[in-house]
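Novice: got a sequence here, can you build the structure:
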Amino acid sequence: MNITVMGTGCPTCKTLLERVKTAANQMGITSEVEYVTDVEKIVDLGIMHSPALVVDGKPVLVGSLPTIEKIKEVLQQAN
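Specialist: Presented below is the predicted three-dimensional model:
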């Protein structure tokens, strides 16, 4: 599973990154969580709001800061 958090580097984006890492760790997912701030890459995926959670190249959460439990649900569905 390839997990990426995309954002501009704002505090909300960094919080999402930490929550995703926590959720993945709690679920036993060993994949590294990548953090992308390159606006071109973000736009190339059609993402217009940040932060975004991308799993295996597909945006699964965009423009919100979900709870760790919600992130776990999304990761479970994507797995």
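Novice: residues in contact with residue 5?
Specialist: Contact analysis of residue 5 by C-beta atoms under 8 Å, 6 or more residues apart in numbering lists 13, 16, 17, 20, 33, 34, 35, 36, 51, 52, 53, 54. C-beta here means a position set from N, CA and C on the backbone, and glycine is covered the same way.
Novice: quick one, strands of this structure?
Specialist: 3-6, 33-36, 52-55, 58-62 (DSSP state E).
Novice: got TSV for these, with mean pLDDT and distance to residue 77 too?
Specialist: As requested, the strands of the chain are arranged in TSV below (pLDDT from 0 to 100; distance: least, C-beta to C-beta, whole Å):
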stretch	mean pLDDT	distance to residue 77
strand 3-6	97	13
strand 33-36	96	17
strand 52-55	97	9
strand 58-62	95	8
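Novice: for residue 27, which of the ones you listed is the nearest?
Specialist: Closest approach to residue 27 among the strands of the chain is made by strand 3-6 (10.8 Å; C-beta to C-beta).
Novice: for that closest one, which strands pair with it and how are they oriented?
Specialist: strand 33-36 (parallel), strand 52-55 (antiparallel) (DSSP bridges).
Novice: list the contacts for the residue nearest to the spatial centre of the chain?
Specialist: Closest to where the C-alpha atoms of the chain average out (C-alpha atoms, centre = their mean) is residue 53, at 2.5 Å. With contact taken as C-beta under 8 Å, 6+ apart, residue 53 is in contact with 3, 4, 5, 6, 16, 20, 59, 60, 61, 62, 71, 74.
Novice: likewise for residue 47?
Specialist: By C-beta under 8 Å, 6+ apart, the residues touching residue 47 are 6, 54, 59, 62.
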